[in-house]
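I would like the atomic coordinates for the input below:
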Amino acid sequence: MSETCGTTYDETDDTTSRPASRAAADPTADASWMAWTAGGLGAVWVAVALTSALAPDMVTGSEQQHMPVAAFGTWLWGLAATAVFLWSMGRLRGSAERRPVWTGTAAATAAVWLAATVVSVATPVVETGSDPTRLPVGAMVAPVAALVLTFLVGTVAAVFARGPQGPGQ
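Predicted structure coming up:
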């Protein structure tokens, strides 16, 4: 083993010069990371599908035309949340010490999207006007809020993964 600029390298590791900690990575940690990442992504897309299928429609006009606003927009917010979630989980990969952080990130993301689904489906609609227009505010706002909270979960995970470091370290 040799040390260069504070990083230890394994001399038996061909000519790839990978850090020794990366060369001796725990394969079960990588499998755990992949399982929790898949679980978080699955939770987002199950929530998107349930919201799209079960949320009330917007009803508007004198002919009371139905428009499934949740089905039109939720997939877009789910796609953005997928990118944010993958970005945050990608930053956690590589060390078994971060297992509680990636587990918490996936669980918190699943909880956020579960709550968004419940709000989208169960929130009452707002009626306005003489030709009653019904607006499913929960179905329009909850997926956007879930995206923002998914970003917040990823940011908090990055802070937790960094660990306690003093100034100048």
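
okay, CA-based contacts and neighbour counts for the rest of this
Will do.

Of all residues in this protein, which one is nearest the centre?
Geometric centre of the chain, nearest residue: Phe85, 3.5 Å, by CA atoms, centre = their mean.

Show the contacting residues for it.
By CA atoms under 8 Å, 6 or more residues apart in numbering, the residues touching Phe85 are Gly40, Leu41, Thr109, Thr150, Phe151, Gly154.

okay if I get the residues you listed as JSON lines plus secondary structure, pLDDT and neighbour count?
What follows is these, written out as JSON lines (DSSP: H, G, I helix; E, B strand; the rest coil; pLDDT from 0 to 100; neighbours: other CA atoms under 10 Å):
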{"residue": "Gly40", "secondary structure": "helix", "pLDDT": "97", "neighbour count": "26"}
{"residue": "Leu41", "secondary structure": "helix", "pLDDT": "97", "neighbour count": "21"}
{"residue": "Thr109", "secondary structure": "helix", "pLDDT": "97", "neighbour count": "26"}
{"residue": "Thr150", "secondary structure": "helix", "pLDDT": "98", "neighbour count": "27"}
{"residue": "Phe151", "secondary structure": "helix", "pLDDT": "97", "neighbour count": "20"}
{"residue": "Gly154", "secondary structure": "helix", "pLDDT": "96", "neighbour count": "25"}
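
and which of those residues is nearest to Arg91?
Relative to Arg91, the closest of these is Gly154; by CA to CA it sits at 9.2 Å.

Got the phi and psi for Leu92?
phi -90, psi -10 (degrees, to the nearest 10).

Could you do Asp131 as well?
phi -90, psi 100.

So which residues of this protein form strands?
2-4, 7-9, 58-60, 65-67, 126-128, 133-135 (DSSP state E).

what's the least confident stretch among the ones you listed?
Within the strands of the chain, confidence is poorest for strand 7-9, with a mean of 47 (mean pLDDT).

which residues touch the residue nearest to His66 when sequence neighbours are not counted?
Closest residue in space to His66, ignoring its immediate chain neighbours: Val59 at 4.6 Å, by CA to CA, 6 or more residues apart in numbering. Going by CA under 8 Å, 6+ apart, Val59 touches Gln65, His66, Met67, Pro132, Thr133, Arg134, Leu135.

No more questions from me, cheers.
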